[in-house]
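**Student:** Predicted structure and sequence below. I'll ask about it afterward.
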Amino acid sequence: MIWILVLAGILVYVALLFFSGPLLLLAGYLAALFVLAAGFLLCFRTCVDCAVDVPIAVADEGQEVSMQIRIDNKSSFSCGRVRLCLMISNDFQGKKRRVRLKVSDILPGQNQFLYTLQLPGAGRYDICVKEMRIYDLTGLAWIRKKVNRSACVQVLPDILPVGVRLTEQVRGFFGDAEVYDEDRAGQDTDEVFQIRSFRQGDRLQSIHWKLSAKTDDLVVKEYSLPKACPAVLFLDYQKEKNGQSGQRYLRLAAGLSFSLMDAGCPHYAAWYDGRIQGVTRARVDNEESYYRFISRYLMAQGTGQGISLEELYREKYRGEYYLHGLRLTGEADLYKDGERLLSADGKAFRQEEVEILV
């Protein structure tokens with residue numbers, strides 16, 4: 001819009017230099033146009049607002065994401081067009097890119113526009129409308145307005161299948177846990193599994209004497225069986241070092257956790273979260289808990305270099321015993337209890353299934 005005023009100033013200078021009345025009159029017209037355009041745009045700057053929404057906030061990798069732009073025009077006049085500046089950032093990898101959208105025919109009231117985005121790989125994406133350019137009806141003058149409205153979407157990584165075989169030691173693992181088996185009884189006296197009638201062969205120590213006296217019948221209490229995790233999957237990704245291999249790493253991390261869960265091996269997935277400046281974990285023993293883990297992990301801010309994830313884990317969760325520690329690095333190297341099991345690129349994992357004995 002400033003260019004109108006600049007052009008009018010140049011015309012005034014040239015008109016005075018050559019004593020030209022028509023040029024001076026044209027400069028006056030341009031000055032009047034500047035005043036009208038400025039008033040028009042300042043009015044729209046107050047009356048026009050923008051918001052962004054993602055109706056379905058979860059998508060699979062490679063799937064297009066639908067995005068809804070809502071522009072509210074509180075004035076009684078139509079706006080020629082609006083140009084939006086979007087910033088799309090991936091929290092997991094720390095990457096950002098700009099996208100510009102043009103929206104035309106902004107009528108009075110609420111206007112909704114639907115767009116599709118092809119997001120580059122898995123991660124948690126923040127889609128933020130940073131600013132909007134509002135143009136007048138001629139399209140020659142415009143004014144900028146800061147918006148900063150955002151919406152989030154999670155793109156889940158493809159699962160890279162990994163064959164897992166469990167040993168009897170893992171299948172029969174017993175240890176302390178905060179989760180108990182809903183179908184089987186155990187020997188953990190901290191939690192009662194059920195109260196039932198006395199059967200032949202039950203131990204006398206299991207009889208609930210107080211309740212038996214009230215019911216005039218012998219009843220016993222069965223204790224619960226803790227669902228301990230025999231394995232911990234350490235996700236040791238450092239975005240400072242592995243920025244280019246992040247998508248391959250996410251697919252393999254998802255495949256390892258899903259394959260362990262599918263084989264019947266409950267486990268903890270542990271990682272360093274920069275937001276809390278410490279190690280955190282998620283228990284995975286069914287599909288629901290798997291997707292909760294993936295959702296949390298995609299929000300992680302990565303880790304700094306030189307941090308030993310396993311040492312931080314042992315320090316935070318002292319007294320917890322597990323059989324095997326699996327550590328996955330950003331280069332797709334997998335270690336079990338310090339021993340390197342495999343190192344492969346994405347093509348090798350797709351060509352043949354890798355089997356891990358846990």
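**Tutor:** All right, it came through fine.
**Student:** Is Arg128 in contact with Leu84, as I believe?
**Tutor:** Let me fix one detail, which is that residue 128 is Cys and not Arg. No: in this structure Cys128 lies outside contact range of Leu84 using C-beta atoms under 8 Å: 10.6 Å. Where you see a C-beta, it was placed from the backbone N, CA and C, and this is true even at glycine.
**Student:** Between those two, which has more neighbouring residues?
**Tutor:** Set Cys128 next to Leu84 and count neighbours by other C-beta atoms under 10 Å: Leu84 wins out with 21 against 18.
**Student:** Once you drop chain neighbours, what's closest to Pro230?
**Tutor:** Phe173 (3.8 Å; C-beta to C-beta, 6 or more residues apart in numbering).
**Student:** mind checking the SS state of the one you found?
**Tutor:** coil (DSSP: H, G, I helix; E, B strand; the rest coil).
**Student:** Contacts only, for it.
**Tutor:** 228, 230, 323 (C-beta atoms under 8 Å, 6 or more residues apart in numbering).
**Student:** for the second one, what are its contacts?
**Tutor:** By C-beta under 8 Å, 6+ apart, Pro230 lies in contact with 169-170, 173, 175, 265-267, 322-324, 358.
**Student:** Ramachandran angles for it?
**Tutor:** phi -80, psi -10 (degrees, to the nearest 10).
**Student:** before we move on, back to that, how much space is there between the residue nearest to Pro230 and Tyr321?
**Tutor:** Using C-beta to C-beta, to the nearest Å, Phe173 is found at 9 Å from Tyr321.
**Student:** Tell me the buried residues in stretch 257-274?
**Tutor:** Going by neighbour count (16 or more other C-beta atoms under 10 Å), the buried part of stretch 257-274 is 257-261, 263, 265-273.
**Student:** tell me the centre residue of the protein?
**Tutor:** With distances taken as C-alpha atoms, centre = their mean, Arg124 lies nearest the centre of the chain, 2.7 Å away.
**Student:** That one is in contact with Gln154, isn't it?
**Tutor:** Yes: Arg124 lies in contact with Gln154 (C-beta under 8 Å); the separation is 5.1 Å.
**Student:** so what sits against both of the two?
**Tutor:** With C-beta under 8 Å, 6+ apart, Arg124 and Gln154 have common neighbours Leu298.
**Student:** Helices of the stretch 51-200 of the chain, start to end?
**Tutor:** 168-171 (DSSP state H, counting those that start in this stretch).
**Student:** Next, count neighbours for the closest residue to Tyr125 other than its chain neighbours.
**Tutor:** Take Tyr125 and drop its neighbours on the chain: the residue closest to it by C-beta to C-beta, 6+ apart is Val153, 5.2 Å away. Residues within reach of Val153, counting by other C-beta under 10 Å, total 21.
**Student:** Provide a list of residues in contact with Val153.
**Tutor:** 54, 57-59, 65, 119, 124-125, 127.
**Student:** Ile159 too?
**Tutor:** 251, 254-255, 258.
**Student:** What average pLDDT does stretch 325-339 get?
**Tutor:** The average pLDDT for stretch 325-339 rounds to 86.
**Student:** Look at it and report the distance between its end residues.
**Tutor:** 10 Å (C-alpha to C-alpha, to the nearest Å).
**Student:** Buried residues in it, which are they?
**Tutor:** Under the neighbour-count criterion of 16+ other C-beta under 10 Å, stretch 325-339 has 325-330, 332, 334-336 buried.
**Student:** what's the helix or strand for the closest residue to Arg281 other than its chain neighbours?
**Tutor:** Counting by C-beta to C-beta, 6+ apart, Ala270 is the residue found nearest to Arg281 once chain neighbours are left out, at 4.2 Å. According to DSSP states H and E, Ala270 maps onto strand 267-273.
**Student:** Output the lowest mean pLDDT helix or strand found in the protein.
**Tutor:** helix 346-351 (a mean of 42; mean pLDDT, DSSP states H and E).
**Student:** how long is stretch 46-63 end to end?
**Tutor:** 37 Å.
**Student:** Show me what counts as buried in that stretch.
**Tutor:** 47-48, 50-52, 54, 59, 61.
**Student:** Would you mind checking the average pLDDT for it?
**Tutor:** Rounded mean pLDDT across stretch 46-63 is 91.
**Student:** And the contacts of that stretch?
**Tutor:** 65-75, 79, 82, 84, 86, 106, 119, 121-122, 127-129, 132, 134, 145, 147, 149-158, 247, 251.
**Student:** Could you do stretch 98-106 as well?
**Tutor:** 48, 69, 71, 73, 78-88, 111, 113, 115, 117.
**Student:** Whichever of those residues end up buried, select them in ChimeraX.
**Tutor:** Applying 16+ other C-beta under 10 Å to those, the buried members can be selected in ChimeraX as follows:
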select :48,69,71,73,79,80,81,82,83,84,85,86,87,88,111,113,115,117
